[in-house]
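**Student:** Below are the sequence and a predicted model for it; my questions follow.
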Amino acid sequence: MNNWEYSESIESEKIVNIEKKYGNFIDGKFVTPKSKQYIDTISPSTEKILSSISIGNQQDVDYAVASAKEGLKKWSKTNPSERAKYLFKLARLIQERSREFAVLESLDGGKPIKESRDFDLPQVAQNFFYYAGWADKLDIAWGGEEYKPYGVVGQIIPWNFPLLMLSWKVAPALATGNTVVLKPAETTPLTALLFAELCEEVGLPDGVFNLVTGDGSTGSHLVNHKDIKKIAFTGSTGVGKYIQKSLAGRDVGLTLELGGKAANIVYSDAALDEAVEGVVNGIFFNQGHVCCAGSRLLVQEDIEEKFIKKLEKRMQTLNVGNPLDKNTDVGAINSKDQLDKIEKLVNEGVADGGDLFQIECELPKNGFWFKPSLFTSVQANYKIATEEIFGPVLTTLTFRTPEEAVEIANNTEYGLSAGIWTEKGSKILWTADRLEAGVIWANTFNKFDPASPFGGYKESGFGREGGRHGLLSYLKVSS
Ligand code: NAI
Ligand code: MG
């Protein structure tokens with residue numbers, strides 16, 4: 001017998017305490033929703049109900065915005081170094097309770113515990129530390145320019161990195177003196193609710209951070225509220241366009257972080273084994289639910305066969321299954337809706353004529369799962385080559401020359417990220433110069449740093465999050 005399987009190593013669910021039902025967090029406390037409407041949030045790996053969360057209606061949003069408006073009076077006058085102290089405290093508490101947050105994130109959203117524990121949570125804490133550091137240095141951030149906060153900020157976040165997206169948005173907004181009304185995604189609200197508990201614990205002044213749970217209708221109430229001065233949105237391109245239209249003609253700031261269809265370009269002179277690792281990480285990280293995922297493999301034609309062989313062999317070693325198992329590489333698909341979308345696009349890819357490779361593995365009976373997949377023999381006009389699949393599905397295209405690689409890479413509505421694999425530094429610079437993408441990784445992929453700005457070109461959105469530039473998303477510079 002040749003059994004090289006890992007033994008199970010399951011992280012305990014017992015360390016998290018999930019309430020049966022949650023209200024909203026408004027004016028410094030948890031409150032019963034006026035809507036009296038609830039939906040369940042489930043664990044996508046088991047379909048077990050975890051809790052009930054409220055669907056905020058117009059009145060709930062009105063209440064939260066009024067609270068943020070009131071909170072602004074105090075917060076905007078709070079000494080910046082005092083604001084920093086709250087953010088430092090939040091960062092430290094997040095670190096202290098990171099195991100709890102990680103388990104909750106994996107339970108509610110389906111991502112592997114090794115990613116929520118080793119990627120999401122350290123990044124979340126770093127973002128709070130990073131922006132805490134800026135809070136009392138804003139006057140040197142932009143060379144003496146005059147600036148002021150927007151005021152009440154509405155933030156709408158997606159389900160792929162729930163707490164991380166919260167930290168990208170909340171930390172800079174509070175550091176710059178704004179107050180916040182946040183709406184998490186309906187399938188993954190639990191870590192935001194735990195974060196609200198931390199705000200209570202650190203004694204953040206009432207009304208500075210408000211949380212209204214709900215679905216698209218709740219988000220829409222927030223976007224259309226007359227007292228909101230800025231909207232920060234991460235999610236689908238369709239909803240991003242709707243929000244932009246809704247805000248037309250109003251003096252409301254907007255940043256949009258939308259979809260992507262990133263090219264991961266592998267030149268034939270690349271270190272192929274390293275490139276295989278980077279390509280695998282680029283698309284199978286977080287089940288491919290990543291806006292900057294390297295979802296289009298662009299491989300130079302003369303190494304295609306060799307590279308695909310190596311890639312398929314490596315893919316076959318991916319462990320798919322229980323997100324709470326520390327050996328799991330690929331967890332559950334976030335929702336039934338998302339699984340349906342992935343299946344539909346993959347079926348269309350096969351019907352169009354793409355060759356589909358899927359790894360051999362047993363999928364759990366309950367929950368939402370999709371096998372890590374690779375398409376070859378793909379034409380540039382297939383939907384799988386142009387549309388964001390947002391799942392563990394990689395599409396291969398080939399090129400002959402660097403010029404052709406750049407042309408194919410840029411042949412998309414999106415422009416969020418890209419990857420380049422070659423041993424030649426000059427080729428990296430030549431290629432990066434010509435790619436229309438907000439973030440370009442060379443001989444690596446999916447690397448993040450709170451000090452580094454992130455954001456898109458074209459239909460991937462506008463505005464930057466992270467780094468010094470991320471401060472500007474929450475400040476009006478007036479000179
Ligand atoms: P979505 O854009 O509907 O959801 C993102 C957030 O927007 C959620 O909090 C949602 O409740 C809220 N929302 C939905 N409709 C709204 C509206 N009319 N006004 C204000 N807020 C609204 O994304 P969805 O439907 O969950 O996913 C669909 C596709 O979007 C995915 O397959 C993927 O391609 C893309 N997506 C991209 C993300 C990214 O990080 N760029 C994140 C999530 C989804
Ligand atoms: Mg859930």
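**Tutor:** Structure's in. What do you need? Residues are numbered from 1 along each chain as shown. Ligands and ions are numbered 1, 2, ... in the order given.
**Student:** quick one, what contacts the closest residue to Gly177 other than its chain neighbours?
**Tutor:** Once flanking residues are discounted, Gly177 sits nearest to Pro149: 4.0 Å by C-beta to C-beta, 6 or more residues apart in numbering. From N, CA and C alone the C-beta is placed, and that goes for glycine too. Pro149 makes contacts with 76, 176-178, 474-476, as judged by C-beta atoms under 8 Å, 6 or more residues apart in numbering.
**Student:** what are the phi and psi angles of Gln358?
**Tutor:** Note on Gln358: its backbone torsions stand at phi -130, psi 140 [degrees, to the nearest 10].
**Student:** swap that for Tyr38, please
**Tutor:** Main-chain dihedrals, Tyr38, degrees, to the nearest 10: phi -130, psi 150.
**Student:** Closest residue of this structure to ligand 1?
**Tutor:** Nearest residue of the chain to ligand 1, counting by C-beta to the nearest ligand atom: Gly219, 2.3 Å away.
**Student:** sorry, back to before: I'd like the contacts of Pro149 laid out as a markdown table, including neighbour count and secondary structure.
**Tutor:** Converted to a markdown table, the contacts of Pro149 look like this (neighbours: other C-beta atoms under 10 Å; DSSP: H, G, I helix; E, B strand; the rest coil):
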| residue | neighbour count | secondary structure |
| --- | --- | --- |
| Ser76 | 15 | coil |
| Thr176 | 27 | coil |
| Gly177 | 23 | coil |
| Asn178 | 27 | coil |
| Tyr474 | 26 | coil |
| Leu475 | 24 | strand |
| Lys476 | 16 | strand |
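**Student:** Tabulate those residues (CSV), appending distance to ligand 2 and pLDDT.
**Tutor:** Below are the contacts of Pro149 laid out as CSV (distance: C-beta to the ion, whole Å; pLDDT from 0 to 100):
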residue, distance to ligand 2, pLDDT
Ser76, 35, 91
Thr176, 31, 96
Gly177, 33, 97
Asn178, 28, 98
Tyr474, 29, 96
Leu475, 34, 94
Lys476, 36, 88
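**Student:** Close to ligand 2: what parts of the stretch 151-300 of the chain are there?
**Tutor:** For the stretch 151-300 of the chain, the contact set with ligand 2 under C-beta under 5 Å from the ion comprises Thr187.
**Student:** any low-confidence regions in the stretch 151-300 of the chain?
**Tutor:** When residues are selected by pLDDT under 70, none of them lie in the stretch 151-300 of the chain.
**Student:** how about the strands in the stretch 251-400 of the chain?
**Tutor:** Secondary structure of the stretch 251-400 of the chain (DSSP state E, counting those that start in this stretch): strands at 253-257, 263-266, 296-300, 355-358, 373-376, 393-399.
**Student:** Pipe these into CSV and attach mean neighbour count and distance to Pro162 per row.
**Tutor:** Converted to CSV, those look like this (neighbours: other C-beta atoms under 10 Å; distance: least, C-beta to C-beta, whole Å):
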stretch, mean neighbour count, distance to Pro162
strand 253-257, 22, 14
strand 263-266, 28, 25
strand 296-300, 26, 26
strand 355-358, 15, 28
strand 373-376, 22, 25
strand 393-399, 24, 22
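**Student:** Tabulate the ones you listed (JSON lines), appending distance to Ala125.
**Tutor:** Formatted as JSON lines, the strands of the stretch 251-400 of the chain follow (distance: least, C-beta to C-beta, whole Å):
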{"stretch": "strand 253-257", "distance to Ala125": "21"}
{"stretch": "strand 263-266", "distance to Ala125": "29"}
{"stretch": "strand 296-300", "distance to Ala125": "32"}
{"stretch": "strand 355-358", "distance to Ala125": "36"}
{"stretch": "strand 373-376", "distance to Ala125": "34"}
{"stretch": "strand 393-399", "distance to Ala125": "31"}
